[in-house]
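[1] Everything below, folded, please.
(2 chains, ligands or ions: 1)
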Amino acid sequence: MSFEGKLALVTGSGRGIGRAIALKLASQGADIIVNFFRHRESAEQTAKDIQALGVKAEVIRANVGDPAKVDEIFDMIGNKFGHLDILISNAASGVGRPVADIDVKAWEWTMDINARALLLCAQRAAKLMEGRGGKIVSISSLGSRFVLPNYTVVGVSKAALEALTRYLAIELAPLNICVNAVAASAVETEALKFYFKEGLVKDSRYVTPVGRMVIPEDVANVVAFLCSEEAFMIRGQTIIVDGGTSVGLFALAGK
Amino acid sequence: MTVEEQIRDIIARITRVDKSIITRQSTFKEIKADSLDVVQALVAVEETFGIEIPDEEAQKFQNFGDFVSYVENRVAQKEKV
Ligand SMILES: NC(=O)c1ccc[n+]([C@@H]2O[C@H](COP(=O)([O-])OP(=O)(O)OC[C@H]3O[C@@H](n4cnc5c(N)ncnc54)[C@H](OP(=O)(O)O)[C@@H]3O)[C@@H](O)[C@H]2O)c1
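    Numbering: from 1, shown residues only, chains lettered A, B, ... in the order given. As a prediction, this is how the structure comes out:
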């Protein structure tokens, strides 16, 4: 696998899984656009770490939930590079609340950042991939199909993201753009600590048949594969990275 | 409008509280601002004043007054440049 000479945009790549994806692609030669929203320091650090691998890194601040800011990202890429090879729609936000407490604001905030951003980014990215093809990977979670406590809005947004991934895969196939998603179970990041505090972290470790939690690099490895030519015939799929959690749940329940 | 008045209007609009209850001593909790309200208020203030408020700084705000003082300083610095 080599991404030498390729340009990748990874949304929300200052920290967590996005950072791991950015570093993975960079380690195989891709130049990276690091997008962040609230944490500039982390993003600058990620860019430095990418540059240390001998490739280019560009940092751009943008709330991907805001269409005007999404335009700013792609205007910058268009003006500076004139093309894009890889789009990773990773940024996500959300409000952890029970159904009764979900208001319109929380719903829209979450859907705009987690689901609509893929649509807007893919529309602009497809133009920059014209004539050269490209890869788009969105990052989802098991909450799209399984019920997690206080995860309703995010889970629904991820279901939308996965459905959109399928539609994009078909509509963008004639442009030689491969579109897929990667859905992870609980990954050891700050977001996880924020959402589920200690309880779920422990539970997850228990129900992962592999015997450890998923780490950001596990997700990044699969994303990199989906961005490679080896994955050419995989289209519109959501690849689950969960150490077997989702298929092993019932087997482990009896232990 | 002063910086303080503008920020008070933004927060009142987002949290839907009467702006008269927001004093310099008010905490986000007292204004009934949840974490989403706080982020939205930060973004709206950033856009209004053309500044960037990193989360690392925002986390230090104990009350409305801290928020206002931070923005006042940033705006003053900007005007100097
Ligand atoms: N952690 C898990 O257990 C887990 C499991 C399954 C799937 N996932 C998915 O994996 C992806 C990454 O999650 P993570 O755990 O790495 O999250 P994280 O540690 O909370 O990081 C979130 C990232 O998204 C960025 N971001 C948030 N809102 C944004 C916005 N409006 N515009 C642009 N960037 C924004 C953040 O940037 P700033 O810090 O600069 O704001 C940060 O880089 C998400 O799609 C998440 O749903 C996570």
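
[2] Name the next helix or strand following the worst-scoring helix or strand of chain B on mean pLDDT along the chain.
    Within chain B, no helix or strand scores below helix B:55-58, which has a mean of 88 by mean pLDDT, DSSP states H and E. Going down the chain from helix B:55-58, the next helix or strand is helix B:64-80, by DSSP states H and E.

[3] tell me the mean pLDDT for that next one?
    Mean per-residue pLDDT for helix B:64-80: 92.

[4] Run the chain-centre distance for that helix.
    Taking Cα atoms, centre = their mean, to the nearest Å, one finds helix B:64-80 lying 10 Å from the centre of the chain it belongs to.

[5] in that helix, what's buried?
    Within helix B:64-80, the residues that count as buried by 16 or more other Cβ atoms under 10 Å in any protein chain shown are B:64, B:67, B:68, B:70, B:71, B:74. Bear in mind the C-beta positions are built from the backbone N, C-alpha and C, glycine included.

[6] Also stretch B:53-67?
    Those would be B:53, B:58, B:61, B:63, B:64, B:67, for stretch B:53-67 by 16+ other Cβ under 10 Å.

[7] Let me see the contact set for the last one.
    Right, the one you point to is residue B:67. B:7, B:45, B:58, B:61 (Cβ atoms under 8 Å, 6 or more residues apart in numbering or on different chains).

[8] Can you tell me which of these lies closest to residue A:161?
    Proximity of the contacts of residue B:67 to residue A:161 (Cβ to Cβ) peaks at residue B:58, which lies at 27.8 Å.

[9] And for the residue nearest to that closest one when sequence neighbours are not counted, the neighbour number?
    Leaving aside its sequence neighbours, residue B:58 sits nearest to residue B:42 (Cβ to Cβ, 6 or more residues apart in numbering or on different chains; 5.6 Å). Number of residues near residue B:42 (other Cβ atoms under 10 Å in any protein chain shown) recorded here: 21.

[10] What are the contacting residues of the helix or strand containing residue B:42?
    In this structure, residue B:42 sits in helix B:35-49 according to DSSP H and E. Helix B:35-49 has contacts (Cβ under 8 Å, 6+ apart) with A:38, A:63, A:95, A:105-106, A:109, B:3, B:6-7, B:10-11, B:14-15, B:28, B:33, B:51-53, B:58, B:67, B:71, B:74-75, B:78.

[11] Give me the nearest residue to the residue in chain B that chain A sits nearest to, chain neighbours excluded.
    For chain B and chain A, the shortest gap (Cβ to the nearest Cβ) falls at residue B:55, measuring 4.2 Å. Spatial nearest neighbour of residue B:55, excluding adjacent residues (Cβ to Cβ, 6+ apart): residue A:38 at 4.2 Å.

[12] got any ranges where the chain has weak pLDDT?
    Chain wasn't specified; assuming chain A. By pLDDT under 70, the low-scoring segments of chain A are A:191-207, A:249-255.

[13] Report the contact partners of the most centrally placed residue in it.
    Nearest to the mean C-alpha position of chain A, counting by Cα atoms, centre = their mean, stands residue A:90 at 2.3 Å. With Cβ under 8 Å, 6+ apart as the criterion, the residues that contact residue A:90 are A:10, A:11, A:12, A:13, A:17, A:18, A:21, A:138, A:139.

[14] Next step: the residues you listed restricted to strands.
    In strands, defined here by DSSP state E, the members of these are A:10, A:138, A:139.

[15] What is the neighbour count of the last one?
    For residue A:139, the neighbour count with other Cβ under 10 Å is 28.

[16] Kindly state the beta-bridge partners for it.
    As for beta bridges, residue A:139 partners with residue A:182 under DSSP bridges.

[17] Residue B:77 versus that one, what's the distance?
    Per Cβ to Cβ, to the nearest Å, residue A:139 is found 37 Å from residue B:77.

[18] does residue A:189 really touch residue A:217, like I thought?
    No. Between residue A:189 and residue A:217 there is no contact under Cβ atoms under 8 Å: 11.4 Å.

[19] Wait, residue A:77 touches residue A:9, no?
    Yes. Contact status for residue A:77 versus residue A:9: in contact at 6.6 Å, counting by Cβ under 8 Å.

[20] so what sits against both of the two?
    What both residue A:77 and residue A:9 touch, as defined by Cβ under 8 Å, 6+ apart, is the set A:33, A:84.

[21] higher neighbour count, the two?
    Between residue A:77 and residue A:9, residue A:9 has the larger neighbour count (other Cβ under 10 Å), namely 29 against 21.

[22] dump the residue contacts of the residue nearest to residue A:189 when sequence neighbours are not counted.
    Ranked by Cβ to Cβ, 6+ apart and with sequence neighbours excluded, the top spatial neighbour of residue A:189 is residue A:16, at 4.1 Å. For residue A:16, the contact set (Cβ under 8 Å, 6+ apart) comprises A:187, A:189, A:190, A:191, A:216.

[23] same thing but 10 Å
    Going by Cβ atoms under 10 Å, 6 or more residues apart in numbering or on different chains, residue A:16 touches A:42, A:90-92, A:139, A:187-192, A:216, A:219.

[24] okay, now residue 21: neighbour count?
    Chain wasn't specified; assuming chain A. 31.

[25] That was the other one, I meant chain B.
    11.

[26] Would you confirm that it contacts residue B:33?
    No. Counting by Cβ atoms under 10 Å, residue B:21 stays clear of residue B:33, with 11.9 Å between them.
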